[in-house]
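Participant: here's a sequence, model it:
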Amino acid sequence: HFCRGLGDEFLPDNNFTPLLAFVNSRSGPQQGHLLITQLRGLLNPVQVWDLANGGPEEVLESFSVFTRLRILVCGGDGTVSWIVSTIEKMELKRWPPIAILPLGTGNDLARIHGWGGGYNNESLINILEQVAEGYISWLDRWEMTVENRKGKVKQVKSFFNYLGVGADAQAALQVHMLRESRPQLFFSRIVNKAWYGIFGAEDIIKATSINLPHDITLIADGVEVPLPADSQGIILLNIDSYAGGVPLWSMGHKAEDVSDGTGNDGRSFRPMKRSKSLDTLRGLKNQHVSSSTNEDHPMPRVPLTSAAFERVDSVEDIASLALTEEEMYSRVTACNRPSSCQDGYLDIVSIRGAFHLGQIRVGLSTAQKLCQCREATIIIKRKVSVQIDGEPWRQNVCTLKVRRKKDAAIMLHRSADESNGVETEMAKLLDWAEERELIDGKVHDALMKEFSRRIETKTRQRRVRSKDNLMFSLKRAINSGTNISGNQHFHGGVVPTGSSGNSSGISF
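Facilitator: A predicted model of the protein is given here:
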């Protein structure tokens, strides 16, 4: 029964943080068997559990007696989802934070938390040190309910990466069916991705989702958002990493706004429809809060109260703003927020089919941004392909309702090398303050959430600066090289020297 009956008092020192490792030996290119042997050589064998031998429930229950427990999941995003769902059912007072050693095909969840796109036999000792130095990060979780025409709930599923309807789900379904029938064909990460490309090319010819704008209706925060006429798929993103690291939202584009109600292709937008959620706004207030879509004056968020950093869970929570339908539509489709996995918003994009998705993956095109919302409803009028976090199926006529779950998952984000572990020390400081009753649990959680949000913002800014600096350096080198060529030609092949000259062609 593992550690049952033990607790923090049995740890050698208060600075010790117990680690529990779950390994899915069947994930991705099947590296799990070797990892199990190596981890059991570095840790106590009781700390390493092979999920092929049984579920994680009993092991988690045994280790939950440790308040500072950390979990390392060696597997793909599906394995992480399995562990998170199990922890949710246990109703623990405090969730153990989860680090990821990516063994799956896409590993999008591992990518956004700094753990990389795949394990390539790096030093496990270094990885374990990074787990010890990682800092806590919140991850929104979403719930999708399937309702039939009579409004009866037929199915409930959870996800925290993305939900896709149309072309991308169709390709994923074909790959899933092949993997189930012939698993020996999926033996490496590159081969696995190649199968997606093959079935995507097949769907280009079949064009199974060409009528998607007529087959589904998208409602975001109570207003209908028209789909582009050439849309063959929509993707609801919780994280800005799709299909192995493609940043659909941050690299996406927004259709040009037009005042006459027509899109880029001249097609008239369908009129907005008021949902029951917006009906409650009628008669509350006569004053309206205007929403700006100008990037220089970003649309304000609903202010947080200092009481509890409360999560906004439905469109009814913005009733105090008393927006008109037009203002609400402008707010939802502004698309001016950066993508975040802990802000309570879904980022929704449109793709033009499997070929377009392939172009996006290699950087030749971008997805079209549709809207950002806290709730989404998809009315399916004809049978279509749907997937959530890589789990695809064919869906009959129904209504899909997507709402955020009350509790976020607690993840471990790998600390940046240049931070020298400052984020980790801050988290330890808050734990220290709570243990000595300087702050209570609610204050601890509120401060950790705000800290996580600010670190995410800083990381995003650092990533953007890094890309901008790279592009600036490349442009400067190209311009300098061009200037040298011009000078050589002008002076008969002699590069001029002097205080203003630079023989390398690069100035500082």
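Participant: hey, where'd the helices end up in the stretch 201-350 of the chain?
Facilitator: Along the stretch 201-350 of the chain, counting by DSSP state H, counting those that start in this stretch, helices occupy 212-215, 276-279, 325-332.
Participant: lowest average confidence, helix or strand, in this structure?
Facilitator: Least confident helix or strand of the chain, by mean pLDDT, DSSP states H and E, is helix 276-279 with a mean of 40.
Participant: quick one: mean pLDDT for stretch 325-337?
Facilitator: Stretch 325-337 carries an average pLDDT of 90.
Participant: so which residues of the stretch 351-500 of the chain form strands?
Facilitator: For the stretch 351-500 of the chain, strands defined by DSSP state E, counting those that start in this stretch occupy the ranges 368-373, 376-380, 384-388, 391-395, 398-404, 409-413.
Participant: for the longest one, name the packing helices and strands.
Facilitator: Looking back up the chat, that one is strand 398-404. strand 142-147, strand 162-166, strand 376-380 (3 or more C-beta pairs under 8 Å, 6 or more residues apart in numbering; DSSP states H and E). Placement of C-beta: from N, CA and C, glycine included.
Participant: report the inter-axis angle for that strand versus strand 384-388.
Facilitator: Interaxial angle of strand 398-404 relative to strand 384-388 (axes from the mean of the first three to the mean of the last three C-alpha atoms, to 10 degrees): 20 degrees.
Participant: and if you look at the fourth one?
Facilitator: In this structure, strand 391-395 runs at an angle of 150 degrees to strand 384-388, with the same axes, to 10 degrees as the basis.
Participant: buried ones in strand 391-395?
Facilitator: Pro392, Gln395 (16 or more other C-beta atoms under 10 Å).
Participant: can I get that strand in PDB, CA atoms only?
Facilitator: Extracted C-alpha coordinates of strand 391-395, given in PDB (Å, rounded to 0.1, in the frame of the first residue of the first chain):
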ATOM      1  CA  GLU A 391      -9.800  12.200 -29.300                       C
ATOM      2  CA  PRO A 392     -12.000  12.300 -32.500                       C
ATOM      3  CA  TRP A 393     -15.400  10.900 -33.400                       C
ATOM      4  CA  ARG A 394     -18.300  11.500 -35.800                       C
ATOM      5  CA  GLN A 395     -21.000  13.600 -34.200                       C
END
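Participant: strands paired with it, and their directions?
Facilitator: Strand partners for strand 391-395, identified by DSSP bridges, are recorded as strand 384-388 (antiparallel).
Participant: how big is the angle separating the strand it pairs with from strand 142-147?
Facilitator: Using the same axes, to 10 degrees: strand 384-388 against strand 142-147 is 150 degrees.
Participant: what is the end-to-end distance of stretch 329-346?
Facilitator: 15 Å (C-alpha to C-alpha, to the nearest Å).
Participant: can you pull the buried residues of it?
Facilitator: Buried residues in stretch 329-346 (16+ other C-beta under 10 Å): 329-336, 339-346.
Participant: also stretch 58-66?
Facilitator: So for stretch 58-66, counting by 16+ other C-beta under 10 Å, buried means Val59, Leu60, Glu61, Ser62, Phe63, Ser64, Val65, Phe66.
Participant: where do the helices sit along the stretch 1-150 of the chain?
Facilitator: Going by DSSP H, counting those that start in this stretch, the stretch 1-150 of the chain shows helices at 32-42, 57-63, 77-90, 108-112, 124-133.
Participant: okay, the first one in CSV with CA atoms only?
Facilitator: This file holds the C-alpha atoms of helix 32-42, laid out as CSV (Å, rounded to 0.1, in the frame of the first residue of the first chain):
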residue,chain,number,x,y,z
GLY,A,32,8.3,4.4,-21.6
HIS,A,33,9.9,0.9,-20.9
LEU,A,34,13.4,2.3,-20.8
LEU,A,35,12.3,5.3,-18.8
ILE,A,36,10.8,3.1,-16.1
THR,A,37,14.1,1.3,-15.6
GLN,A,38,16.1,4.5,-15.5
LEU,A,39,13.7,6.3,-13.1
ARG,A,40,13.6,3.4,-10.8
GLY,A,41,17.4,3.5,-10.6
LEU,A,42,17.4,7.2,-9.7
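Participant: so which other helices or strands are in contact with it?
Facilitator: Looks like helix 32-42 contacts strand 19-23, strand 48-50, strand 70-75, helix 124-133 (3+ C-beta pairs under 8 Å, 6+ apart).
Participant: buried residues in it?
Facilitator: Buried positions in helix 32-42, judged by neighbour count with 16+ other C-beta under 10 Å: Gly32, Leu35, Ile36, Leu39, Arg40.
Participant: thank you, goodbye.
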